[in-house]
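# Provide a 3D model corresponding to the input given below.
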Amino acid sequence: MKIRVLYNVILCRLGIRQLLPKDFINAIEIVECGEKLVKFQGIKVRESVAEKLRRVESNLSLMSYEIQVVSGYRTLEEQLTLWQNAAGNRKFSADPTTGKGGGHQTGGAVDILLLKNGETVDMGSNYRDHNNRSITFPKNKGIITSEQLSRRQILYNAMITEGFINYPGEWWHYCYGDQMWAAYSRKNRAMYGSIAGKEEL
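Numbering: from 1, shown residues only. The predicted model follows:
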C-alpha cells in the first residue's frame, strides 16, 4: 500500500483527518458470509441489517423519533446510473466498474433519514447534498445549528449502538458488514461483498 495512503490512515486514527482513504477501504479483505437479502420498509438489505434497523426503530420510538430508509441495496444498473450522473463529483459515488461498487451493492449500507411525527427533521443539509454541511460532525461548529447537531447525534447514537458505522462525510450513510464498516471498525475482514447479479443470496 502506498505510503501516502498509510499516512492518511494514521492521520484519521489520530483524529486529524475524518475520512479514511478509499484505497485503504477497498483493500480490506472480503469473506462473504452468504447472508440473504430481505426487505425493511420495502427496501432490500442484508438480514442482519434489517434486524438491527428494527431495533433502532424501536429504540428511537421511545424518544418519539422514527427512521426512514431511503436507500439500501443497489443493483449494478442503479449504481452505474449514480456513477454516470455524478460526473465531476465522483468522489462521493462508488465506481461500479471496479467490481466492488461500494457498500450499497453489498446490501450492508443504508441511507437513513430521521423523522418526527411522520415528517423529516432538519439535519442541516439535504439528503445527498455534498458540501461541508453534509459532514456528520463538522469541525466548523458554526456551520450547522445546535439543534441540527443534536438530531445528528441522536441518529448516530441509535445506529452505533446497534453496531453500524457512519461514513463521516455523509450524516445519512450507515453501514454494517461491508468494507467501510470493517475499515472504520478496525477489523481485518468484511462479511459482505458485492452481490450484484447474485440477489438470490
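# which residues touch the closest residue in space to Thr120 that isn't next to it in sequence?
For Thr120, the nearest residue in space outside its immediate sequence neighbours is Leu113; the separation is 5.1 Å by CB to CB, 6 or more residues apart in numbering. Placement of C-beta: from N, CA and C, glycine included. In this structure, Leu113 makes contact with 67-68, 70, 120, 123, 127, 172, judged by CB atoms under 8 Å, 6 or more residues apart in numbering.
# Kindly list the longest strand within this protein.
Identified as the longest strand of the chain according to DSSP state E is strand 109-116.
# Could I get the buried residue list for it?
Of the residues in strand 109-116, 109-114 count as buried by neighbour count, 16 or more other CB atoms under 10 Å.
# Tell me the secondary structure at Tyr156.
Secondary structure for Tyr156, judged by DSSP: H, G, I helix; E, B strand; the rest coil, is helix.
# Tell me how many other residues surround it.
Look at Tyr156: counted by other CB atoms under 10 Å, it has 16 neighbours.
# And Ile16, by the same measure?
Other residues within reach of Ile16 by the criterion other CB under 10 Å amount to 9.
# How about the one 4 residues further on?
Burial measure for Leu20: 19 neighbouring residues, criterion other CB under 10 Å.
# measure it to Arg152 for me?
To Arg152, Leu20 is 20 Å away according to CB to CB, to the nearest Å.
# just checking, Val45 touches Gly107?
Yes. With contacts counted by CB atoms under 8 Å, Val45 reaches Gly107, the gap being 5.4 Å.
# higher neighbour count, these two?
Gly107 (31 against 26).
# show me what contacts that one?
Residues in contact with Gly107 (CB under 8 Å, 6+ apart) are 37, 44-46, 49, 72-73, 192, 195.
# No more questions from me, cheers.
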